[in-house]
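> Attaching a predicted model along with its sequence, questions to come.
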Amino acid sequence: MNQGAQARRYLDVFGVAKSFKGTRVMSDLNFRVERGELVSLLGPSGCGKSTLLRIIAGLLEADEGAVVLDGRDISRFPAHKRNVSVVFQNYALFPHLTVAENVAFGLRARGMAKAATGTPVAEALSLVRMTEFADRPIAALSGGQQQRVAVARALVVGPDLLLLDEPFSALDRKLRETMQVELKSLLLDRGITAIFVTHDQEEAMGVSDRIAVMNAGRIEQFADPSTLYARPASPFVMDFVGLSTRITGTVVSQEAGLVTVDTPHGPLRSRSEAAPGTRLLLGVRPELISVGSGENTIAATLQDVMVLGSKTVLHGTANGDDRVLCELPGIRSGLGRGQEVTLGWSVDDTLAYEVPA
Ligand SMILES: Nc1ncnc2c1ncn2[C@@H]1O[C@H](COP(=O)(O)OP(=O)(O)O)[C@@H](O)[C@H]1O
Ligand SMILES: [Mg+2]
């Protein structure tokens, strides 16, 4: 590893393993974050996101491996010695204390005199636009306001690393989107390194520089949002990050990295080094499919045409059972349920994965 990469490596989690009551939920997990990055852990419920976050925070001890933060091995440090702040889904605020008292709590716990907490608390509340609520009891706040207080409480101590475990999942959709934008600009403006746990792929795509997609205790792919979406490393990532039409077939020929695959819909082509006889799962993103012609085409019957304004979504079936999904920009007229159409897309947009025969 060169000097530059070493200098940028800020959080380094390596070889981490964890079992609960004899059941392995994570083994040899490696995960690196650079200084100032916003990174998401994305995956279905139970895949190990919170476990990894808790190990980084020191709320849970790994069975094996180490956590290094800014060059220091903090694996054996208790949580309160790590200078890592955590924001939880349920906010974990003290309901009997005021907003300002909640935010001051971490400073007081670190031994700061009460009189000295005023300025940093005011700064933190201003960051999350909660200044005028300083003296309110927590119970008098809405969910979004409580979430802002939890962020202020996490930031007031000047953490080296901010961890957020599904911080917006209790909020409704509109508020969640507002909070995502606010939090992202707050963290970017202050250069705070943060790890954000979510099971919502749109949330992860929207807030992150990079996303680690987790599956059953492993990181399947760790990449920027566009790479994850355009070049998913596995069928799991393809399915978890975005939607796609999936077609399975068998390679009949391969030349210079271009395969022809025999499928129930006729021959389809893709970029792959797979040898003849290999079973391949092909995938295409919906917005890359058009109605009419293309390098690859299939015949489909439209089951539903949803005009959503910014896009028109076509749900169809091909050859009886394979479901196909196509998104056309804007409002498209002249397409209806039951209509037979030809769907087309390019060879380069055809994802291909080897699957067991
Ligand atoms: N304290 C615990 N005791 C036993 N099993 C646990 C405990 N915490 C987590 N697990 C298990 O570890 C796996 C990962 O859980 P978790 O990290 O909470 O997943 P996620 O946050 O991705 O939903 C799951 O199978 C879960 O049941
Ligand atoms: Mg969790």
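Cool, the structure landed. Numbering: from 1, shown residues only. Ligands and ions are numbered 1, 2, ... in the order given.

> Per the annotation, how does the chain divide into domains?
Listed domain ranges for the chain are 3-239, 243-354 (source: automatic domain parsing).

> right, and the ones you listed - which one's nearest ligand 1?
domain 3-239 (3.2 Å; C-beta to the nearest ligand atom). Just so you know, the C-beta spots here come from the backbone N, C-alpha and C atoms, and that holds for glycine as well.

> Lowest-scoring secondary structure element of this structure by mean pLDDT?
Across the helices and strands of the chain, mean confidence by mean pLDDT, DSSP states H and E is lowest for helix 3-8: a mean of 52.

> just the residues of the protein that are near ligand 1, which are they?
20, 25, 43, 45, 46, 47, 48, 49, 50, 51 (C-beta under 6 Å from any ligand atom).

> quick one: which two of the residues you listed are the most distant?
The span of those, defined through C-beta to C-beta, is set by 20 and 43 at 17.2 Å.

> Of the two, which one has the most company?
Per other C-beta atoms under 10 Å, whichever of residue 20 and residue 43 has more neighbours is residue 43, with 28 against 11.

> show me what contacts that one?
49, 199, 213, 214, 215, 240 (C-beta atoms under 8 Å, 6 or more residues apart in numbering).

> got a winner among those residues for most neighbours?
residue 214 (28 neighbours).

> quick one: average confidence on the helix or strand harbouring that residue?
Here residue 214, judged by DSSP states H and E, is contained in strand 210-215. Average pLDDT, strand 210-215: 98.

> Convert the C-alpha atoms of that strand to CSV, please.
Taking Å, rounded to 0.1, in the frame of the first residue of the first chain, the C-alpha atoms of strand 210-215 are listed here in CSV:
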residue,chain,number,x,y,z
ARG,A,210,-19.6,5.0,-0.6
ILE,A,211,-21.9,2.1,0.4
ALA,A,212,-20.9,-1.2,1.9
VAL,A,213,-23.6,-3.7,0.9
MET,A,214,-23.8,-6.4,3.6
ASN,A,215,-25.3,-9.8,3.3
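
> ok, and what's touching that strand?
With C-beta under 8 Å, 6+ apart, strand 210-215 has contacts from 31, 37, 39-44, 47-49, 52, 204-205, 219-225, 228, 236-237, 240-241.

> mind listing which of these are in helices?
49, 52, 204, 205, 225, 228, 236, 237, 240 (DSSP state H).

> Please check those and keep the buried ones.
Neighbour-count burial (16 or more other C-beta atoms under 10 Å) applied to those gives 49, 52, 204, 205, 225, 228, 236, 237, 240.

> Out of the residues you listed, flag the one nearest to residue 283.
residue 237 (10.4 Å).

> ok, that closest one - contacts?
213, 220, 221, 228.

> check contacts around the last one.
Meaning residue 228. Residues in contact with residue 228 (C-beta under 8 Å, 6+ apart) are 205, 211, 213, 221, 237, 241.

> Recalculate using a threshold of 6 Å.
By C-beta atoms under 6 Å, 6 or more residues apart in numbering, residue 228 lies in contact with 211, 241.

> can you give me the helices for this protein?
3-8, 49-57, 99-109, 118-127, 143-155, 173-190, 201-207, 225-230, 235-240.

> By mean pLDDT, show me the worst of those helices.
Among the helices of the chain, helix 3-8 carries the lowest mean pLDDT, a mean of 52.

> Ramachandran coordinates for residue 319?
Dihedral pair for residue 319: phi 60, psi 40, per degrees, to the nearest 10.

> Skip the chain neighbours and tell me the closest residue to it.
residue 264 (4.6 Å; C-beta to C-beta, 6 or more residues apart in numbering).

> doesn't residue 318 make contact with that neighbour?
No - with contact defined as C-beta atoms under 6 Å, residue 264 does not count as touching residue 318 (7.8 Å).

> So for these two, which sits in the more crowded spot?
With neighbours defined as other C-beta under 10 Å, residue 264 and residue 318 compare such that residue 318 has more, 20 against 13.

> which residues sit in contact with the more buried one?
So residue 318 contacts 265, 298, 300, 324 (C-beta under 6 Å, 6+ apart).

> Give me the neighbour count for the second one.
Around residue 298 sit 24 other residues, with neighbours defined as other C-beta under 10 Å.

> State the distance from it to residue 231.
22 Å (C-beta to C-beta, to the nearest Å).

> and what of the last one?
As defined by C-beta to C-beta, residue 324 lies at a distance of 21 Å from residue 231.

> how long is stretch 234-245 end to end?
15 Å (C-alpha to C-alpha, to the nearest Å).
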